[in-house]
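Asker: Using only what follows, build the 3D model:
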Amino acid sequence: FYMMKTFEIGRQQINQNVMTIIPSMDPVPHVAKHIDVMQRILCRRGNGMYREMAQCHSIEASACEFWRVCGDVRNRNFYQKCLQAQPSTSMFPGEILVSESCIGKQFSTRQNAACKMRADRYHLLG
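Answerer: I've put the predicted structure just below:
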């Protein structure tokens with residue numbers, strides 16, 4: 001919204017061509033006003049627990065979440081980025097961003113769920 005003059009675009013163009021991705025737990029998208037389409041996504045680790053807020057703003061975590069939920073019509077290989085342990089120099093050292101058992105599935109708290117959601121918000125408060 002605040003970049004309309006910079007990019008010389010109007011409200012109608014924004015409404016038709018811009019989408020804001022809002023990962024759960026990411027405080028950054030809440031700072032600005034949005035007139036575009038907003039898509040909310042989860043921000044959970046491969047093990048189903050919430051990520052730290054700073055990690056939720058990562059394009060890597062968001063891209064892997066999109067791939068986990070939607071797949072990729074071009075069949076690009078996200079295996080190394082999303083399913084393998086991340087290098088020690090990354091924002092997610094040693095972490096697997098997506099659990100293979102969660103690809104194409106929703107997180108659930110059911111006992112027999114293939115993609116188990118962990119209710120762990122309390123660790124963020126302490």
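Asker: drop to CA atoms for contacts and neighbour counts, all remaining ones
Answerer: Will do.
Asker: longest single helix anywhere in this protein?
Answerer: helix 59-70 (DSSP state H).
Asker: what does that one contact?
Answerer: Contact with helix 59-70 is made by 23, 41-43, 55-56, 78, 81-82, 97-98, 102-106, as judged by C-alpha atoms under 8 Å, 6 or more residues apart in numbering.
Asker: how distant is that helix from the center of its chain?
Answerer: With C-alpha atoms, centre = their mean, to the nearest Å as the basis, helix 59-70 stands 5 Å off its chain's centre.
Asker: go on, stretch 60-71?
Answerer: 6 Å.
Asker: What of stretch 49-66?
Answerer: With C-alpha atoms, centre = their mean, you get 4 Å for stretch 49-66.
Asker: Extract the residue ranges of the chain that are flagged as low pLDDT.
Answerer: For the chain, applying pLDDT under 70 flags the ranges 1-2, 119-126.
Asker: can you give me the strands in it?
Answerer: 19-23, 37-41 (DSSP state E).
Asker: Highest mean neighbour count out of the ones you listed?
Answerer: Of all the strands of the chain, strand 19-23 has the most neighbours on average by mean count of other C-alpha atoms under 10 Å, namely a mean of 17.
Asker: I appreciate the help and will end here.
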